[in-house]
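A.B. asks: Predicted model and sequence below, questions to follow.
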Amino acid sequence: MLGETTRHDLVRQCVSLVTDSAFDPGAIARVRAHAERIVVHTRREYTLALRRNLQALMDGGIAPRRFVREFFQLTEAGNMRHDIRRRLIISLLLSPAIRPSIKFLMLENFYRMPRPIRVGIISALLRAESTRHIEIMKEELRWVIQQERLARDAH
């Protein structure tokens with residue numbers, strides 16, 4: 001059923017190979033190894049694109065709003081591990097080299113982040129050394145969370 005309903009040709013081919021081989025453990029191992037190589041390659045490509053975008057942001061070659069939009073597209077499409085994504089976002093939020101406007105754009109997309117990442121960001125901001133920008137980000141985060149709660153309670 002999975003092979004028939006998927007929209008991904010590669011998944012359909014892998015499922016077909018496994019079923020055609022009557023679920024032979026060797027065929028399953030080959031499909032799994034191939035899938036792992038594809039995932040590693042894909043993550044590497046998306047990570048490289050993220051690095052390029054960050055460099056372009058720092059050089060002024062990409063607008064902040066575009067950087068944030070592509071950041072989320074790349075981390076979501078690239079299936080980036082939560083722990084890596086969390087550290088990356090926290091680094092951006094706490095970095096003095098990143099303009100505050102970019103940090104607020106990141107926080108505007110807080111709803112798009114998986115719960116473990118959101119919790120990590122909240123914890124990091126609470127533990128961060130107090131500066132004017134950190135305090136403003138905390139206030140913004142409180143507002144974002146409050147708005148989410150109001151929206152959730154309304155439904």
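C.D. replies: Received it, and whenever you're ready, just let me know what you need. Predicted model, so just to flag it, every value in this text is computed and none were measured.

A.B. asks: Give the phi and psi angles for the residue lying closest to Arg43 once chain neighbours are set aside, as a check.
C.D. replies: Excluding its sequence neighbours, the residue lying closest to Arg43 (Cβ to Cβ, 6 or more residues apart in numbering) is Gly78, at 5.7 Å. C-beta: built from backbone N, CA, C; applies to glycine. Here is the backbone geometry of Gly78 (degrees, to the nearest 10): phi -80, psi 0.

A.B. asks: any residues touching stretch 147-155, and which ones?
C.D. replies: Outside stretch 147-155, the residues that touch it by Cβ atoms under 8 Å, 6 or more residues apart in numbering are Phe110, Tyr111.

A.B. asks: cool, stretch 40-52 as well?
C.D. replies: Contacts of stretch 40-52 (Cβ under 8 Å, 6+ apart): Glu70, Phe71, Leu74, Thr75, Ala77, Gly78, Asn79, Met80, Leu88.

A.B. asks: State the mean pLDDT of the strand or helix carrying the first one.
C.D. replies: Counting by DSSP states H and E, the element that carries Glu70 is helix 64-77. Mean pLDDT, computed over helix 64-77, is 94.

A.B. asks: Same check on stretch 121-134?
C.D. replies: 95.

A.B. asks: buried set for it?
C.D. replies: Ile121, Ala124, Leu125, Ala128, His133, Ile134 (16 or more other Cβ atoms under 10 Å).
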